[in-house]
Each structure stands twice: as structure tokens, then as C-alpha cells.
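Visitor: Pasting a predicted model and its sequence here:
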Amino acid sequence: MRQEMTTREAYGQALLELGRINENFVVLEADIAKSTRTELFAKEFPERFFQMGIAEQNEFGVAAGMAMSGKIPFISTYAVFASMRALEQIRTFMAYPNLNVKIAVSHGGLTPGNDGPTHQAIEDMAIMRSIPNMTVVMPSDGIMTKKAVAAALEYNGPVYLRFTRDEIPIIYDNNLEFKLGRAFLHMEGNDVTLITIGDMLSHTLHAARILVEEGISVRVLDMPTLKPLDQEAVLLAAQETGAIVTVEDHTILGGLGSAVAETLVENMPIPLKRVGIKDTFAESGPYHQLLKKYGLSSSHIQAAARQVISMK
Amino acid sequence: MPSTKTELIKKLEKKANQMRVEIIKMIYKAQSGHPGGALSATDIVTALYFHLMNVDTANPTYQDRDRFILSKGHACPVIYAALALKGFYPLAVLDTLRALDSKLQGHPDMNKLPGLDSTSGSLGQGLSVGVGMALVGKMEQKDYHIYVMIGDGESQEGQIWEAAMAANKYKLDNIIAFTDFNRLQVDGFVDEVMPIAPYKEKWESFNWHTQEINGHNLTEIINAVELAREVKDKPHMIIAHTVKGKGVSFMENMAVWHGRAPNAQEYELALQELGGN
């Protein structure tokens, strides 16, 4: 059986491990420490943990003030609340002054399945990507999460880190050398490239294996950093495979599909299909069933690949 | 330092007048900006920068300094004038308000202007930033103070009250906040647009140590801050009753001067009144 874990759990563990070697960061929480897993850090470092209650706008403003005074804040809540309730606080008081803050949020995409659309962040990456100075990341498994959190701490500037509520398979091993802004090649091929982000990696790899069995030569790129996008990897894939499918647990408007489309259209127009949520709200239900109903399953990815190849 | 308090007050009153002259000049030159709320806040900002606050023009970001956040960021000509007169940059910089390539953005940009402790401009957010700075001060056992100025109209923003709760939770007695209570906002009187009364009781019920003063009386301003520094374990709110447009008779108590620049005739008249020709 494959090992699985939620990336929010990996985030909680990362904070704990990094907290022991770096004394300069603090963690702010909005009453969901048990869920975002910041409680692991809170227990060991109570003097560096700030419980701000159900008041996200103030939580982000306080974090900005702490960053202005030299601390590195990790600010946790759910992705919907960070990206929409506290959006202007992030935009004007963090990104505009280019503060060294880490917005680390759980419940990305459809992973909070049965909580329903109020808690499913399907627009957050598009919102965050449009803000100047912002780096936007969704790691693809627990191991990458730990490395991404460490890389964000190392980097000087605002970073949006998006995690899953539900368990997703462990795909990477500890030898992974994570770098912000870099894509990771999983399969080499030349008929089509599947570019994926975050929790969609395992579904994309599943689809790729089936396509390979059909005799299609498939390249798979994992693109955990949405911004800055690894344009070099996208354009190399465009040149060498001539067709691209993007796969994201997010609306198809403004996220990975849009970022790749912008890069292709301006540099090397080739056929592209976007797998993602089709400009609609989802509903309550188990995460894997939602992926099937809203067009994000392995079979949807396979269909998009076959279609995009036919457009070459 | 002046030898007596009377001399100090006289010196500060002169400085406040100089501040008002610079505020009118820069807004006239820019033909854009917010004179009303800058003039109502002038005496408080003068007392802070020319008597109460510990800052260093040679080292604007040194860690142990006092900090000031102008949460009502549109009133920035008042802080731009204060920082220039204090010596953070030449007075000539004030001629560039709101121009291309200027350090003086329409609302404060901390990365462009030395001496500015926080970016601001979108209302309701500066008090939270002050809470963050004050928490770091407590963590590091520093004895600096965080001064924050909000507007009475700005108090309609919900985030102000989120920040008020947080400051109480952490007993941030190193925050000394002012409300520039000038009774006016863009669309008219605060009482009519969206009443915030009872105001003092609100802060008291959030467990803040709250005082009410005349915000144009430098002695009252200084006494209130000195008292605030003595009262421990509670954040401090000083409700300063002020006049929007204070010092220029035809701007006083007129909502229209919230965000309007004087024309040539009005400019001359204003300078005459302030004796700044």
C-alpha cells in the first residue's frame, strides 16, 4: 500500500523541525491550530506562537507589523480566508512593502471535500498570482512540503504556501532538491506534456501510465511553484512535445492553466488543454468523488491528453 | 531642551505652525492631497516627533526607536512635513508630493521614505500593524513605544476592533494610540454617515486605558502620553478632539477640504493666516 499524508500535517512537522534551528520566525493562527497543524509548534514554542482568534484581517495586519520589526511570520488559516477575507491586508500591507512573510494555508482546492464550497478554495492561486512580489507554491506531497517550507523560510519575501486537508500519496523521497520556481520532471516523453501542481500529481502520474500503455509517449512535469513559473521548462516541453495539458485542483481561470497559456501564446503557441474546475462552485462530498464529478480525475486527464494530441 | 515646560510648549506651537505651512505648501504645489485630516492631526504629530518620540535621523531603522503608524494614511502630508523638519530628508523633497519618481507617494510607502515606520493608506489596518510591532517589543523586552493614529471615521472599519481585542489579550501597554476625532469624513459628519458613539465607552469596554483630550492643546497631548506611559498592562487610547482643517479658517470643519487642494487665491489666504509667507 502507498503511504499517504496530508500536506498540512507535513507543514506542522516542518514548523516544529525548523523552529528548533531557526529562532527568528513566529507563527500566527486563527483558531484552527488543530486543523492547520500549527499546534505542534505551539506546544513546543508557546512564546513564539500567537493565537489571534477568529479575526483573520487583524491576524495578517499583526503579522505585517511583526515583519516590519524583523520577525519572519508564518500566518496560518484556511486558503479561502487568507486569500479572500484577508486579501487586501496581504496585498497592501505585505506584498506592496515586500515584507518577509509566509502565508501558509490549509484546505486548498477540493481537498476539504465534505466541508463544501464555503471552505473549498478554488480561486486562491489566481488571486495570489495576480499580486506583485508574491511567490505562489503548492507542494505535491508531504516530503516536498517540508522542503518547500524550508525554502520559503530561506527566501526573503512574501510567499503563499497552499496545503491539502486530505491525505495525498507520498511520491518524492528525501533526496528531492526543492527549489522555488523550478519544475520537476517525472516522466520523459515527446508526444505530450502533462504539467501538474499540488495534489494533482498522483492523478496525473496515474493518467500518464495509462497513456503510455496505449503507446503514447508522455512527459510529466510537476510545477509546485505557480509563480514565478518555470517558463524554461514549459517552453522546452512545448518545443519537444508540441502539446500540453495542465492539471490543477483550482478553477481553470487564472491558475496553472492560465499561467502556462500566457507563456505559450507569447512565445510558442501550441495546442493546450486545461484540466481543472470549469468556472463553477463544487459541492460537499468525498474528495475523490468530487475530483471525478468536477472533471479532475485520471480519466479526464487522459481524455484531455488524447484530445490535445489530435490538435497537433 | 527648553528649561521650562512653558518654553517647550511655545517651541512646539511654533513648530506646529511651521508644519501647517509646509502641509499647505506641498498640497498646493501638488494640486492634490488631503489637507483637512493632516491639519487636524498636526499638533499631535508635532508633539510626537519634536518631543515625545525617540528617533534617530542618522539611523532611521535602528531597532530600539519608537515607532509611529499613521493609519489614516491619506493625512500623510503631516508625517511628510514632520520627517522633513526633523531632518530625515531635505525640505525640498516636500515639493515632490504625488509626483512621478517621488519618495512622497499619495499614501505612505515605507520602502521609499526614510523615517517612515509603516506603509499605510487603506483604512482600518494600522492598529493591527501596531499590535504586531508591540508584540515584538514585548518578546524582545524592549522599552520602545508604538504610537498609532487612527481617525474617528476610520473607526467604522471592523478590523480596528479586532486589533483592539488583540491588544487587550496581550496587555500591550507599549501601544499608545490616538483617535484624531475631527467629526468629519468624506461624505459628511461621522455621526450621520455611520455613528460610532458611544466612542470612549467602546474603548473602555475593550479594556483599553482611555483618555479624552483637546487634540490641539500641546500640554494636554504631552500630559496624556506621559500618563499613558505610567499605566501598565493595558493598551492606551487617547481620544483627541480636533478640528478638521485646523489653522486655516475657511478649511475648518468643512468636509469638502478632506481631499481638495487650494487654488492660488486660497493658498495665499491660508499662508497669510498661518503667517508663513
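Guide: Great, that's in hand. Numbers count the residues shown, from 1 in each chain, chains lettered A, B, ... in the order given.
Visitor: Does the residue of the stretch 151-300 of chain A found nearest chain B belong to a helix, a strand or coil?
Guide: The nearest approach of the stretch 151-300 of chain A to chain B comes at residue A:157, 12.4 Å away (CB to the nearest CB). Bear in mind the C-beta positions are built from the backbone N, C-alpha and C, glycine included. Following DSSP: H, G, I helix; E, B strand; the rest coil, we place residue A:157 in the coil state.
Visitor: looking at it, it is touching residue A:100, isn't it?
Guide: Yes. Counting by CB atoms under 8 Å, residue A:157 sits close enough to residue A:100 to count as a contact (6.2 Å).
Visitor: between these two, which one's more packed in?
Guide: Taking other CB atoms under 10 Å in any protein chain shown, residue A:157 and residue A:100 do not tie; residue A:100 has more neighbours (20 against 16).
Visitor: still on that earlier bit, how far away is the residue of the stretch 151-300 of chain A closest to chain B from residue B:130?
Guide: From residue A:157 across to residue B:130, the span is 23 Å (CB to CB, to the nearest Å).
Visitor: which residues sit in contact with the residue of the stretch 151-300 of chain A closest to chain B?
Guide: When contacts are counted by CB atoms under 8 Å, 6 or more residues apart in numbering or on different chains, residue A:157 touches A:98, A:99, A:100, A:133, A:135.
Visitor: any weak-confidence spans in the chain?
Guide: Here I'm looking at chain A. Scanning chain A for pLDDT under 70 picks out A:1-2.
Visitor: Chain B is the one I meant
Guide: B:1-2, B:276-277.
Visitor: try it again with 90
Guide: B:1-3, B:255, B:275-277 (pLDDT under 90).
Visitor: residues in it within reach of chain A, list them.
Guide: For chain B, the residues in contact with chain A (CB under 8 Å from any CB of the partner chain) are B:63, B:109-111, B:117-122, B:124-137, B:139, B:158-159, B:162-163, B:165-166, B:169.
Visitor: can you do 6 Å?
Guide: Residues of chain B lying close to chain A by CB under 6 Å from any CB of the partner chain are B:110-111, B:118-119, B:122, B:125, B:128-129, B:131-133, B:136, B:159, B:162-163, B:166.
Visitor: among those, which ones are buried?
Guide: Buried members of the residues of chain B next to chain A, counted by 16 or more other CB atoms under 10 Å in any protein chain shown: B:110, B:118-119, B:122, B:125, B:128-129, B:131-133, B:136, B:159, B:162-163, B:166.
Visitor: Just give me how far stretch B:257-268 sits from the chain centre.
Guide: Relative to its parent chain, stretch B:257-268 has a centroid offset of 21 Å by CA atoms, centre = their mean, to the nearest Å.
Visitor: Run through who's touching the biggest helix by length in chain A.
Guide: The helix that spans the most residues within chain A, counting by DSSP state H, is helix A:7-21. By CB atoms under 6 Å, 6 or more residues apart in numbering or on different chains, the residues outside helix A:7-21 that reach it are A:36-37, A:40-41, A:45, A:104, A:106, A:139, A:142, A:145-146, A:149, A:153, A:163-164.
Visitor: Next, see if the helix or strand just after that helix gets close to chain B.
Guide: Sequence-wise, the next helix or strand downstream of helix A:7-21 (DSSP states H and E) is strand A:25-29. No. Under the criterion of CB under 6 Å from any CB, chain B is not reached by strand A:25-29; the shortest gap measures 8.0 Å.
Visitor: Give me the distance from strand A:25-29 to the chain's centre.
Guide: Offset of strand A:25-29 from its chain centre (CA atoms, centre = their mean): 20 Å.
Visitor: again with stretch A:270-278
Guide: 17 Å.
Visitor: what about dumping the CA coordinates of that stretch to PDB?
Guide: Extracted in PDB, the C-alpha atoms of stretch A:270-278 (Å, rounded to 0.1, in the frame of the first residue of the first chain):
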ATOM      1  CA  ILE A 270       0.900  25.100 -29.400                       C
ATOM      2  CA  PRO A 271      -2.200  23.100 -28.600                       C
ATOM      3  CA  LEU A 272      -3.100  23.300 -24.900                       C
ATOM      4  CA  LYS A 273      -5.900  21.700 -22.800                       C
ATOM      5  CA  ARG A 274      -6.600  22.800 -19.200                       C
ATOM      6  CA  VAL A 275      -7.900  20.200 -16.700                       C
ATOM      7  CA  GLY A 276      -9.400  22.000 -13.700                       C
ATOM      8  CA  ILE A 277     -12.700  23.200 -12.200                       C
ATOM      9  CA  LYS A 278     -14.700  24.600 -15.000                       C
END
